[in-house]
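A.B. asks: Structure here, sequence nowhere to be found:
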C-alpha cells in the first residue's frame, strides 16, 4: 500500500463526575479516567462466515445492507470466481 509511517495523536480531556461531555462518537470515546487497562480488548475475533445466498443473508441480517442493484450482475460475479 505504500504506507511508510503512521502517527497517532491522542488527547485526553477530563470530564468531571456527573458531567455529560459533548463529543463526536465517530471520532471520540468518553473515558472517565486514564489507567493501564483502558484499551485492553477482551473479546475474541469473530470467525469468518461463508455466505452461500447473498440475497437471503442481506434480507435476514442488519449488518449487510445491499441494494437490489448490487445483485444485478451474476455474470460479473462468475467471472470473478464467486458464487
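C.D. replies: On my side now, so go ahead. None of these values were measured; they are calculated from a predicted model. Numbering: from 1, shown residues only.

A.B. asks: The protein: strands as residue ranges?
C.D. replies: With DSSP state E, there are no strands along the chain.

A.B. asks: Where does pLDDT dip in it?
C.D. replies: 1, 8, 68-83 (pLDDT under 70).

A.B. asks: what residue is smack in the middle of it?
C.D. replies: residue 63 (10.0 Å; C-alpha atoms, centre = their mean).

A.B. asks: Check the gap between that one and residue 47 for me.
C.D. replies: From residue 63 across to residue 47, the span is 14 Å (C-beta to C-beta, to the nearest Å). C-betas here are computed from N, CA, C, even on glycine.

A.B. asks: for residue 37, same thing?
C.D. replies: Distance from residue 37 to residue 47, by C-beta to C-beta: 26 Å.

A.B. asks: same deal with residue 20?
C.D. replies: Distance from residue 20 to residue 47, by C-beta to C-beta: 38 Å.

A.B. asks: repeat for residue 53
C.D. replies: 19 Å.

A.B. asks: now do residue 64
C.D. replies: Distance from residue 64 to residue 47, by C-beta to C-beta: 16 Å.

A.B. asks: more crowded one of the two?
C.D. replies: residue 64 (12 against 5; other C-beta atoms under 10 Å).

A.B. asks: For burial, what's the neighbour tally of the residue lying closest to the more buried one once chain neighbours are set aside?
C.D. replies: Excluding its sequence neighbours, the residue lying closest to residue 64 (C-beta to C-beta, 6 or more residues apart in numbering) is residue 58, at 5.1 Å. For residue 58, the count of nearby residues is 17 (other C-beta under 10 Å).

A.B. asks: I'd assumed residue 67 was in contact with residue 58.
C.D. replies: No - with contacts counted by C-beta atoms under 8 Å, residue 58 stays clear of residue 67, the gap being 9.1 Å.

A.B. asks: list the contacts for the nearest residue to residue 13 once chain neighbours are set aside?
C.D. replies: Closest residue in space to residue 13, ignoring its immediate chain neighbours: residue 21 at 7.2 Å, by C-beta to C-beta, 6+ apart. Neighbouring residues of residue 21 by C-beta atoms under 8 Å, 6 or more residues apart in numbering: 13, 15, 30.
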